[in-house]
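J.: Fold the following.
(one chain, ligands or ions: 1)
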Amino acid sequence: MSVQFLDLKSPHQELRAELRAAFERVLDSGWYIQGSELKLFEQEFAAYCEAEHCIGVGNGLDALHLILRAYGIGEDDEVIVPSNTYIATWLAASYAGATPVPVEPDERTYNIDPSLIEAAITPRTKAIIAVHLYGQPADMDPINAIAKKHGLKVIEDAAQAHGARYKGRRAGTLGDAAGFSFYPGKNLGAIGDGGAVTTNDAALAQKIRELGNYGSKVKYHNEVKGYNSRLDELQAAFLREKLKVLDAWNDKRKQIAAEYLQQLDGNKLGLPHVPEWADPVWHLFVVRSANREAFQAHLTAQGIGTVIHYPIPPHLQPAYAELNFTKGNFPLAEVIHREIISLPIGPHLTDAQSVQVVDAVSHYCQ
Ligand SMILES: *Cc1c(COP(=O)(O)O)cnc(C)c1O
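T.: This next block holds a predicted model:
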């Protein structure tokens, strides 16, 4: 039996009746954009994140971009981003017209290293985007302290961290504002694209609502050049059903992660490190192997699906050639990108499958 890396079908089979009912509710309502499903989802997701406001938007990248725009961050400004992240974090800064300024990660958690941030701050710096990579919260207290000292905004890229906690507090309330993605493979995923911003800042929430809806407060009255970035009624209705099971599904991920951490301990793989203040939601279970290609080939031969998140760091992507970075500029991000590999994890991975993964990995590592 093979183990696929990501099973997107089983979650929707489990909720088939609820999702069909949600579809029919929207179909029969005759209202498909900015209606009651969105309003309810926004209330429910804000409550889930323990945040005051939630605004549904088109996707996770838009969520981050709209936050920057709403804060007036753009041309001639700099935004601190992790060197070790998915490129969307950088693109949000670029879309706003600002320059992403990378900071290296803590090599054990893979998240931005707060002790390296101050050296990257210049008079142009306006914000720090901290990413909760793989579902593990970044170390937010020192990041917020630095931001306060320098008058910067703190934005969470929480695209991989729905439900994660930092010192007991949920992702989505750990900075000034947070961007979430509901891309199908995320812990809370739509059946299509979707995203949201959460914040406790009422003025920011109002601005994002306007910006995402053509820059208008009142229909056909446009205060600013806005965008079309909205979470539609169908996706909101689906997400309401999936939000009800998010904690249970995150718990299943935690159970599999605990099993992997216990069973794979003591072999030559680099295992994820969880600081005592972190309660991660295991969007991905990422290990490190000095000989990744051989390790991946072994797992493939055993029928175990794996994916590399991510093979090339943003600073070495052709898309960012304009910043003139070269190999060696961000060595920690580079070595992490060279060695990491993600094992299968998800709410519908069976016990037999996780045992199969452990066996295949242990066999290689002997
Ligand atoms: C998925 C993801 C995004 C972007 O979300 P989309 O909905 O695909 O636009 C941003 N940042 C991180 C870390 C992500 O994993």
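J.: residues contacting the residue of the stretch 201-350 of the chain found nearest the ligand?
T.: Distance from the ligand to each residue of the stretch 201-350 of the chain (CB to the nearest ligand atom) is smallest for residue 283, at 7.6 Å. (Glycine included, C-beta is placed from N, CA and C.) Residue 283 makes contacts with 134, 135, 160, 161, 186, 187, 253, as judged by CB atoms under 8 Å, 6 or more residues apart in numbering.
J.: before we move on, what about residue 195?
T.: 56-63, 159, 179-182, 229, 231.
J.: Out of those, list just those in helices.
T.: Among these, the residues falling in helices (DSSP state H) are 60, 61, 62, 63.
J.: tally of neighbours for the nearest residue in space to the third one that is not next to it in sequence?
T.: Translated: residue 62. Of all residues not flanking residue 62 in the chain, residue 229 sits nearest, at 4.2 Å (CB to CB, 6 or more residues apart in numbering). Residue 229 has 21 neighbours, counted by other CB atoms under 10 Å.
J.: what do you get for residue 223?
T.: The number of residues packed near residue 223 is 13, by other CB under 10 Å.
J.: now do residue 221
T.: Counted with other CB under 10 Å, residue 221 comes out at 9.
J.: same deal with residue 325?
T.: Using other CB under 10 Å, residue 325 has 17 neighbouring residues.
J.: show me what contacts it?
T.: Applying CB under 8 Å, 6+ apart to residue 325 gives the contacts 102, 315, 316.
J.: Top of the contacts of residue 195 by number of neighbours, please.
T.: So for these (other CB under 10 Å), the most neighbours sit at residue 63, 33 neighbours.
J.: wait, that one sits on residue 198?
T.: No: the pair residue 63 / residue 198 is not scored as a contact, 9.0 Å apart, by CB atoms under 8 Å.
J.: From residue 308, how far out is the residue nearest to residue 62?
T.: To residue 308, residue 229 is 29 Å away according to CB to CB, to the nearest Å.
J.: What of residue 10?
T.: 23 Å.
J.: quick one on the thing from earlier: could you export the contacts of residue 283 as a markdown table, including pLDDT?
T.: Putting the contacts of residue 283 into a markdown table (pLDDT from 0 to 100) gives the following:
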| residue | pLDDT |
| --- | --- |
| 134 | 98 |
| 135 | 98 |
| 160 | 98 |
| 161 | 98 |
| 186 | 98 |
| 187 | 98 |
| 253 | 98 |
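J.: overlap between those residues and the residues near the ligand?
T.: Among the contacts of residue 283, the ones lying near the ligand by CB under 6 Å from any ligand atom are residue 160.
J.: Common neighbours of residue 63 and residue 198, please.
T.: Jointly contacting residue 63 and residue 198 under the rule CB under 8 Å, 6+ apart are 178, 180.
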